[in-house]
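Visitor: just a sequence and a predicted model for now, questions to come.
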Amino acid sequence: GNSVTQMEGPVTLSEEAFLTINCTYTATGYPSLFWYVQYPGEGLQLLLKATKADDKGSNKGFEATYRKETTSFHLEKGSVQVSDSAVYFCALGDSNYQLIWGAGTKLIIKP
Amino acid sequence: GAGVSQSPSNKVTEKGKDVELRCDPISGHTALYWYRQSLGQGLEFLIYFQGNSAPDKSGLPSDRFSAERTGGSVSTLTIQRTQQEDSAVYLCASSFRPAPAGGHGDTQYFGPGTRLTVL
């Protein structure tokens, strides 16, 4: 079946560091891929998405490229800020309307 | 409305009691989803509505769980005879349309969730 695997957290970085959160997936067909973010005390928000191979989603300085050859959708940001501290979820949208979720990666940015 | 709303935001109940959780989707969104997020875990899909009907109820963890949607809008998730393992954050999401065959999922917008604690 379809599944999503993302790197375990927490990930702790200093402000202005480069961020990568790995996400790989297993799927049949041609799923859409998403990154959602959950800030402390808030609900899940869509951060970015990509709907086909080689698409790059981007938002708030974050980027992720849909790599079909490596079945990956790694999240990157060139210079993180304290305000980026949150839990990040990678998800896959399959042909049956469900979102299949990774376990989430907690990101902690220290000033 | 501006976004998906859920009520109550927090619910504490005693084991064996019934609870009802409510979701108001974004106006015009035909698809509505319920998920459960247990502590330290990812999201678990429960049920999905297209209009007022639920094509797939297989994600519901037991027959104590049921959900309905009326008027193509508000949905209620009911848990009967609650157990401690039901404690979790219950999330509702809506999208303009469900994913069509072929796999290009439509963006789901989430509510703030209801934190359920069963004592």
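Guide: Structure received.

Visitor: from B:Glu44, how far out is B:Lys15?
Guide: Between B:Lys15 and B:Glu44 the distance is 21 Å, computed by C-beta to C-beta, to the nearest Å. Yep, even glycine has a C-beta here, placed from its N, CA and C like the rest.

Visitor: please identify which of these two sits among more neighbours.
Guide: The residue with more neighbours, out of B:Lys15 and B:Glu44, is B:Glu44; 15 against 11, by other C-beta atoms under 10 Å in any protein chain shown.

Visitor: what about that one, which SS state?
Guide: Under the three-state scheme (DSSP: H, G, I helix; E, B strand; the rest coil), B:Glu44 adopts strand.

Visitor: send the alpha carbons of the helix or strand of chain B with the lowest mean pLDDT over as CSV?
Guide: Least confident helix or strand of chain B, by mean pLDDT, DSSP states H and E, is strand B:53-56 with a mean of 85. Output in CSV follows, covering the C-alpha atoms of strand B:53-56 (Å, rounded to 0.1, in the frame of the first residue of the first chain):
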residue,chain,number,x,y,z
SER,B,53,-22.6,10.3,1.9
ALA,B,54,-19.6,8.5,3.2
PRO,B,55,-18.1,6.3,0.4
ASP,B,56,-15.6,4.7,2.7
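
Visitor: and the helix or strand following it, C-alpha only, in CSV?
Guide: As assigned by DSSP states H and E, the chain's next helix or strand after strand B:53-56 is strand B:65-69. What follows is strand B:65-69, C-alpha atoms only, in CSV (Å, rounded to 0.1, in the frame of the first residue of the first chain):
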residue,chain,number,x,y,z
PHE,B,65,-17.4,5.4,16.0
SER,B,66,-19.9,6.9,13.6
ALA,B,67,-20.2,10.1,11.6
GLU,B,68,-22.8,11.9,9.7
ARG,B,69,-23.0,15.0,7.5
